[in-house]
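1. okay, sequence plus prediction incoming.
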Amino acid sequence: MPRLFIAIDLPQQARDQISDLYCAIKGAKWTDENQLHLTLRFIGETDFDTEDRIIGALEHIQFDPFTIKLQSVGYFPPRKDPRILWVGVDDNSCLMQLQACIERSLVNLQLEPDTRKFHPHITIARLDNPHKERVVEMITDNSLFCIEPFSVSDFHLYRSYTGKSGAQHVLEASFGC
């Protein structure tokens, strides 16, 4: 069964600037530049009939184009050993409204609600027992990281496959304003 997620793609310039952050951190598996995205909702494994219903529901979402600004670097989970390095997203009510609309559409299809609070971010690395000091140094060195705002006028449904070389994402459908 496919593992699905909904995301906003990043422009090439943003992906280039993010990949410039990549550095030597033991235990870091950096996200391939071509797979950098802002996840709006992870759905998980679904059958093909459910995928078709999801596509039908997402086609009805209406929103106006908006801009987002990527800034800051941090890690999850806070106050524990770092497992995920991320680039943050500046506060954005339009982004939050779009994500909430997507969530409502999925819940209306009887999918389980996402009980976690939405923290918009771009995952740039997964960490396996890294030197925490090196992670903190990387975050401190990039504390002023900021990318020029870019326009968002669509979002996408992706299928994710996990293989020996990591996750591969396949575009299933796109939805625009």
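-> Cool, got the structure.

2. so where is the chain shaky, pLDDT-wise?
-> Along the chain, the model assigns pLDDT under 70 to residues 1-2.

3. check for me that residue 159 belongs to a strand.
-> Yes. Membership of residue 159 in a strand is supported by DSSP: H, G, I helix; E, B strand; the rest coil.

4. for it, list each beta-bridge partner.
-> Counting by DSSP bridges, residue 159 forms beta bridges with residue 4, residue 170.

5. residues in contact with it?
-> 2-4, 169-170, 172 (CB atoms under 8 Å, 6 or more residues apart in numbering). (C-beta placed from N, C-alpha, C; glycine too.)

6. again with residue 171
-> Contacts of residue 171 (CB under 8 Å, 6+ apart): 156-158.

7. picking that back up, among the contacts of residue 159, name the buried ones.
-> 2-4, 169, 172 (16 or more other CB atoms under 10 Å).

8. and which of those is nearest to residue 43?
-> Nearest to residue 43 among the buried ones among the contacts of residue 159 is residue 4, at 4.1 Å by CB to CB.

9. any idea how far that closest one is from residue 47?
-> Between residue 4 and residue 47 the distance, using CB to CB, to the nearest Å, works out to 11 Å.

10. again, but for residue 94
-> From residue 94 to residue 47 the distance is 32 Å (CB to CB).

11. the lengthiest helix in the chain - contacts with which helices or strands?
-> The longest helix of the chain (DSSP state H) is helix 93-108. Of the remaining helices and strands, those touching helix 93-108 by 3 or more CB pairs under 8 Å, 6 or more residues apart in numbering; DSSP states H and E are strand 37-45, helix 48-58, strand 66-68.

12. kindly recompute the last result at 6 Å.
-> strand 37-45 (3 or more CB pairs under 6 Å, 6 or more residues apart in numbering; DSSP states H and E).

13. buried sites along the strand it packs on?
-> 37-41, 43.

14. may I see the buried residues of stretch 27-38?
-> For stretch 27-38, by 16+ other CB under 10 Å, it's 28, 30-31, 35-38.

15. who are the contact partners of the residue of the chain positioned farthest from its centre?
-> Within the chain, residue 133 marks the point farthest from the mean C-alpha position, 25.4 Å out by CA atoms, centre = their mean. Applying CB atoms under 6 Å, 6 or more residues apart in numbering to residue 133 gives no contacts.

16. ok, it to residue 27 distance?
-> Taking CB to CB, one finds residue 133 at 13 Å from residue 27.

17. and what of residue 63?
-> 39 Å.

18. got it, and residue 149?
-> Between residue 149 and residue 27 the computed distance is 33 Å (CB to CB).

19. helix, strand, or coil at the closest residue to residue 121 other than its chain neighbours?
-> Closest residue to residue 121 apart from its sequence neighbours, by CB to CB, 6 or more residues apart in numbering: residue 86 at 4.0 Å. Under three-state DSSP, residue 86 falls in the strand class.
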